[in-house]
Structure formats: structure tokens, C-alpha cells
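A.B. asks: model this:
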Amino acid sequence: HLSVHPEFGAWLSLRAVVVVPPGEGGGGLEAPGPMASPLTAEEEGRAREAMEKALQASQSDASLCETLHGVTDRTRAVWRSWVDVRDVVERGKQHRFGDLQVEYHYTKNVDVLRKALATEHL
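C.D. replies: Here you go, the predicted structure:
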């Protein structure tokens with residue numbers, strides 16, 4: 001799944017999603033219909049390819065979180081493959097996270113966070 005914001009493109013961070021089954025809660029509001037894809041046909045094709053590569057790179061006996069939060073060459077290749085999925089989207093590229101922010105987002109490496117804060121490259 002790739003979330004694409006109309007202005008920020010793929011460069012947004014979701015912290016929570018609330019799913020309410022139809023008929024429960026929602027005050028009787030109807031669920032909205034599906035939105036049209038904000039991606040071009042070319043972007044959709046490239047996104048599918050990048051997603052497949054990211055899924056393949058992520059296959060291991062460890063969980064994805066364990067894989068991403070390591071500091072090996074393989075770890076870097078895995079999280080970079082997920083960044084490649086986002087980088088396919090042209091919309092919102094001007095809002096792309098800085099390199100240190102991207103690395104911290106995927107690895108949760110506190111040293112990267114410290115470096116980002118020290119150099120103000122968020």
C-alpha cells in the first residue's frame with residue numbers, strides 16, 4: 001500500500017489509522033467511495049515494480065522491523081528499497097524528507113537522529 005497525499009505526495013508520515021466497521025459508529029455517515037489514483041499510469045507501473053523489489057528485499061526470517069533497525073549493508077539495502085517506492089511519485093517531491101530524516105524514519109537509529117539534530121538537517 002502506498003499513501004499519496006494530494007500536495008505532499010508520498011512524503012507524509014501516518015501515525016494512526018482508525019477503521020470503523022460499516023454500521024458501527026460514524027454517526028450514520030456513509031463511507032466515501034474510492035478515490036481516483038493521483039499517480040500517472042507510468043508512476044503506477046514504476047511503483048508496482050519498486051514495491052515488488054522492496055518486498056523481495058525484505059524477505060527474511062526476521063521481522064521487517066528487526067531487519068530495518070539493524071546497521072548492516074543488507075539493512076541499508078532494505079530500507080533504501082522502501083524509499084525507492086516513495087521516490088517513484090513525482091507529486092510532492094519538493095516535500096521529500098531530508099536524507100537523515102529518511103534514514104531515521106526507517107531505521108530508528110538514535111545516532112542518525114542525534115546527527116540530524118546537531119546539523120539541523122531534518
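A.B. asks: can you pull the pLDDT of the residue most central in space within the chain?
C.D. replies: For the chain, Arg86 is the residue whose C-alpha lies nearest the centre (CA atoms, centre = their mean; 6.2 Å). We have a pLDDT of 95 for Arg86.
A.B. asks: does it really touch Ala10, like I thought?
C.D. replies: Yes. The pair Arg86 / Ala10 is scored as a contact, 3.9 Å apart, by CB atoms under 8 Å. Any C-beta I mention is one placed from the backbone N, CA and C, and that applies to glycine too.
A.B. asks: Determine the residues that are contacts of both of these two.
C.D. replies: Shared contacts of Arg86 and Ala10 (CB atoms under 8 Å, 6 or more residues apart in numbering): Leu2.
A.B. asks: any idea which helix or strand comes after the helix-or-strand element of the chain with minimal mean pLDDT?
C.D. replies: Within the chain, no helix or strand scores below helix 64-68, which has a mean of 72 by mean pLDDT, DSSP states H and E. Under the assignment DSSP states H and E, the closest C-terminal helix or strand after helix 64-68 is helix 73-87.
A.B. asks: ok, Asp99 to Leu29 distance?
C.D. replies: Asp99 sits at a distance of 41 Å from Leu29 (criterion: CB to CB, to the nearest Å).
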